[in-house]
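Trainee: Dropping a prediction and its sequence here:
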Amino acid sequence: MQARALRAVLFDLDGTLLDTAADITAALNYALAEQKLAAFAEVEVRALIGRGVPVLVERAVARLEAAGERPDGARLLERFHFNYQRLHASGELRTSVYPGVAEGLAQLRALGLRLAVVTNKPQQLAVEVLRRFDLTRWIEVVIGGDAVKHRKPHPQPLLMACEQLAVPPARALMVGDSMIDVLAARAAGLAVVCVPYGYNEGADPRGLPCDGFVGSIGELATSLTTLQGEANSRPDGARLRR
């Protein structure tokens, strides 16, 4: 993808912009406690995150059943959502913004780029948490997992974000932390870069087959500006690369 053609950047949320694992763990463990089931450590839950809450709960249920427990999966999912929303409403959240995110988003907007968040988290919760950390001042579009028929890694959420931004997929960049983001970007026709932290369903994000890596969101604008300069000086254009 030529840097000179870039018009928009799409971001994953959990594990890319925000570290939400502590609150996801708390909501899951509250729901488990209601069924008198064993709690999960945060490090375990980090390996379960990916593909949305229903899949997270399915993975938790599978682990519990393997340990001889008999959880009610449907009830667990329902109560997870209840407890997660309660944490948001009560102000008990321990979610944090990764270093460099606010600065990076401001710099990207200053470059004239349009910004969106594409997440498998329910849309209203995604919007609420972005507002809580004052990130909606830069984010124009939010596509949640319940706003589409197909969640990531299906391309539909990314294509919807591009449509709402009025930007062709070929002129947009996806930034994420997981194979889910890479697969969704490839299917939608977007270039994709990854951060080396995050969740990635327990696997090391540094092994992802993306077009490049950026140490933090705060470094992204500088990287794109460098590519812009290279593109302007080369007739074949600079390309995102490792």
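Mentor: It's in.
Trainee: the domain parsing of the chain - what is it?
Mentor: 3-19+96-233, 21-90 (automatic domain parsing).
Trainee: Show me where this structure has its helices.
Mentor: 21-34, 42-48, 53-66, 73-90, 101-110, 123-132, 156-165, 179-188, 220-233 (DSSP state H).
Trainee: Would you mind giving the domains of the chain as CSV with mean pLDDT and mean neighbour count added?
Mentor: (Glycine included, C-beta is placed from N, CA and C.) As requested, the domains of the chain are exported to CSV (pLDDT from 0 to 100; neighbours: other C-beta atoms under 10 Å):
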stretch, mean pLDDT, mean neighbour count
domain 3-19+96-233, 93, 20
domain 21-90, 94, 17
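Trainee: Residue 110 versus the nearest residue to residue 107 once chain neighbours are set aside, what's the distance?
Mentor: Leaving out its chain neighbours, the residue that sits closest to residue 107 by C-beta to C-beta, 6 or more residues apart in numbering is residue 221, at 3.6 Å. Computed as C-beta to C-beta, to the nearest Å, the residue 221 to residue 110 distance reads 8 Å.
Trainee: show me what contacts residue 94?
Mentor: 22, 23, 26 (C-beta atoms under 8 Å, 6 or more residues apart in numbering).
Trainee: let's go with 6 Å and repeat that
Mentor: By C-beta atoms under 6 Å, 6 or more residues apart in numbering, residue 94 lies in contact with 22, 23.
Trainee: Wait, residue 13 touches residue 118, no?
Mentor: No. Under the criterion of C-beta atoms under 6 Å, residue 13 is not in contact with residue 118, lying 8.0 Å apart.
Trainee: between the two, what contacts are shared?
Mentor: Common neighbours of residue 13 and residue 118 (C-beta under 6 Å, 6+ apart) do not exist.
Trainee: Could you report the distance from residue 43 to residue 27?
Mentor: When residue 43 is compared with residue 27 (using C-beta to C-beta), they lie 16 Å apart.
Trainee: can you check residue 49 too?
Mentor: From residue 49 to residue 27 the distance is 12 Å (C-beta to C-beta).
Trainee: got it, and residue 187?
Mentor: Where residue 27 is concerned, residue 187 sits at a distance of 30 Å (C-beta to C-beta).
Trainee: cool, residue 118 as well?
Mentor: 22 Å.
Trainee: Same question for residue 78.
Mentor: Residue 78 is 12 Å from residue 27, by C-beta to C-beta.
Trainee: Who does residue 10 form a beta bridge with?
Mentor: residue 116, residue 174 (DSSP bridges).
Trainee: hang on, residue 153 packs against residue 182?
Mentor: No. Counting by C-beta under 6 Å, residue 153 sits too far from residue 182 to count as a contact (8.1 Å).
Trainee: now the closest residue to residue 45 other than its chain neighbours: how far from residue 40?
Mentor: Sequence neighbours aside, residue 25 is the residue nearest to residue 45 in space, at 4.3 Å (criterion: C-beta to C-beta, 6+ apart). Separation of residue 25 from residue 40 (C-beta to C-beta): 6 Å.
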